[in-house]
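Novice: Dropping the sequence and predicted coords here.
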Amino acid sequence: MNTDYNSIPLINNENMQRFEMSIDESVAFIEYKIKEGVLFLIHTEVPGSLQGKGAGSAIIEKTLQYAKANGFVIKPICPFVLAYLKRHTEWNMLLS
């Protein structure tokens, strides 16, 4: 993860069912659903101003850390999350 994002908290917006990171007045997010201990990662959105700067990878990594810390297994549906997991196989233990 780009260390520029280490201090930015991951917010679990339960009402909108998405994880969010506010960066430079923009919000990157991952939409999710939870069912029976499985965290379905549905869609990742990174504003154009943040694309190519590691914000997408940062929010995915923070979301995976959240899943691990809270005992979830994950079911990635989002192609961006799937691509990240192919490059970072250390997270495969979370796959359902």
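Specialist: Nice, I can see it.
Novice: Give me the pLDDT for the residue nearest the centre of the chain.
Specialist: The geometric centre of the chain, computed from its C-alpha atoms, lies nearest to residue 60 (CA atoms, centre = their mean), at 2.8 Å. pLDDT for residue 60: 97.
Novice: so where is this protein shaky, pLDDT-wise?
Specialist: 1-3 (pLDDT under 70).
Novice: Strands of that one, start to end?
Specialist: 11-13, 18-23, 26-35, 38-45, 73-76 (DSSP state E).
Novice: ok, back up a step: for residue 9, see how far away the residue nearest to the centre of the chain is.
Specialist: 15 Å (CB to CB, to the nearest Å). (Glycine included, C-beta is placed from N, CA and C.)
Novice: quick revisit: would you list the strands of the chain in a markdown table and tack on mean neighbour count and distance to residue 90?
Specialist: Output for the strands of the chain, formatted as a markdown table (neighbours: other CB atoms under 10 Å; distance: least, CB to CB, whole Å):
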| stretch | mean neighbour count | distance to residue 90 |
| --- | --- | --- |
| strand 11-13 | 14 | 23 |
| strand 18-23 | 19 | 20 |
| strand 26-35 | 18 | 19 |
| strand 38-45 | 18 | 17 |
| strand 73-76 | 19 | 13 |
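Novice: Just the residues contacting the helix ranked longest in the chain, thanks.
Specialist: The longest helix of the chain (DSSP state H) is helix 55-69. The contact list for helix 55-69, computed with CB atoms under 8 Å, 6 or more residues apart in numbering, reads 1-2, 5, 8, 10, 12, 19-21, 23, 28-30, 32, 39, 41, 44, 46, 50, 72-74, 80-81, 84, 88, 91, 94.
Novice: for stretch 17-34, same thing?
Specialist: Applying CB under 8 Å, 6+ apart, the set of residues contacting stretch 17-34 is 5, 8-13, 16, 39-47, 49-50, 55-56, 58-60, 62-63, 66, 72, 78, 81.
Novice: Just the endpoints, please. Distance across it?
Specialist: By CA to CA, to the nearest Å, the extent of stretch 17-34 from end to end equals 9 Å.
Novice: Measure how far it is from the centre of its chain, please.
Specialist: 8 Å (CA atoms, centre = their mean, to the nearest Å).
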